[in-house]
Structure formats: structure tokens, C-alpha cells
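**Q** sequence plus predicted model, see below.
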Amino acid sequence: MTKLAEYLIVLLAGLLFGIGLALSGMNDTKIVQGFLDIFGLWDSRLIFVMLGALIVTIVVFPLILKRKQPLFDSSFHLPTFIKIDRKLVIGSAMFGIGWGLVGYCPGPAIASISYGYWQTMVFIVSMLAGAFICSKTTD
């Protein structure tokens, strides 16, 4: 497969992901925060998005791993570190708190750049700064 074909497939996958986010409301911070507000005015719409993703993953992931290698790489890059440690718990908590406060996680934030909201840009710059700082402080 040529590089151009690979890039077109990646572009189509990204477009599909972005359109799916927009149609499902995953890039609307009010819907996401409403979903996370389980003790207030809970908005259950995103549970169907998450269940759909979970079902597809449960069915398709084992089939993909039966392949000798991925389509665009020489091997699968799966995590080897399986220990639940302090850094994992703290990082997960920070991710969840940030998601709850802002209503974005990385994918939907990047997909929401096209809306042109300054708050999205602040979130993305902060997210990238956090990733950079983390990369300089990890073992």
C-alpha cells in the first residue's frame, strides 16, 4: 500500500471519528457535563455512545489481535506495564476531574477546534503543556 493510500485512510478514519463525535454530542461540553452530573440533572444520552463503543471494541478487538500485524505497522504496540500504581491512579483521577470540570477529553477537544471557541484553545494548550511536563518528569 502506498503512503498516499495510508494517509487517505487515516484522513477518512479521522473524519469518521470527528463526525461521530459531532453527531453523538461527545464534543458538546454541556451534554458531557450533564452526563457526568449523576446527582443533578443527569443527561443519559452519552451512555448509548459509550455502550456502542464498548460493544464494538469487545467484538472487534480480539479479531484484530488475531492478525499477525496491523495494516500500517510491523507490530502491535500494546501496553506491557500492567501494575496499578500511584501515578496511574493520580493521572486517572486528574483526567476524570478535568473531563468533569471542562467537559472535554483529548479527542473531542481536538475535533472541537473547528468551532473556534477560545475556551477550547485554552484547553488544548493546557493539555499539551501537561503532556510536555509529564514527558519530562516520568521515569
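**A** Arrived safely, thanks for sending.

**Q** could you check how far residue 6 is from residue 18?
**A** Separation of residue 6 from residue 18 (C-beta to C-beta, to the nearest Å) stands at 19 Å. In this view, the C-beta of every residue, glycine as well, is placed from N, C-alpha and C.

**Q** may I see the buried residues of stretch 101-112?
**A** By 16 or more other C-beta atoms under 10 Å, the buried positions in stretch 101-112 come out as 102-105, 108-112.

**Q** ditto for stretch 122-138
**A** By neighbour count with 16+ other C-beta under 10 Å, stretch 122-138 contains the buried residues 123-124, 127.

**Q** now for the host helix or strand of residue 136, which elements pack on it?
**A** Using DSSP states H and E, residue 136 falls within helix 118-137. Other helices and strands packing on helix 118-137, by 3 or more C-beta pairs under 8 Å, 6 or more residues apart in numbering; DSSP states H and E, are helix 106-111.

**Q** do a quick rundown of the helices in the protein.
**A** Using DSSP state H, the helices of the chain run over 3-24, 29-36, 45-65, 86-102, 106-111, 118-137.

**Q** quick check: the gap between the residue nearest the centre of the chain and residue 53.
**A** With distances taken as C-alpha atoms, centre = their mean, residue 107 lies nearest the centre of the chain, 4.3 Å away. For residue 107, the distance to residue 53 equals 11 Å [C-beta to C-beta].

**Q** do residue 130 as well
**A** For residue 130, the distance to residue 53 (C-beta to C-beta) stands at 24 Å.

**Q** please apply the same query to residue 45.
**A** From residue 45 over to residue 53 the distance is 14 Å, taken as C-beta to C-beta.

**Q** residue 76 now?
**A** When residue 76 is compared with residue 53 (using C-beta to C-beta), they lie 20 Å apart.

**Q** again with residue 60
**A** Distance of residue 60 to residue 53, computed by C-beta to C-beta: 11 Å.

**Q** and if you look at residue 112?
**A** Residue 112 sits 18 Å away from residue 53, going by C-beta to C-beta.
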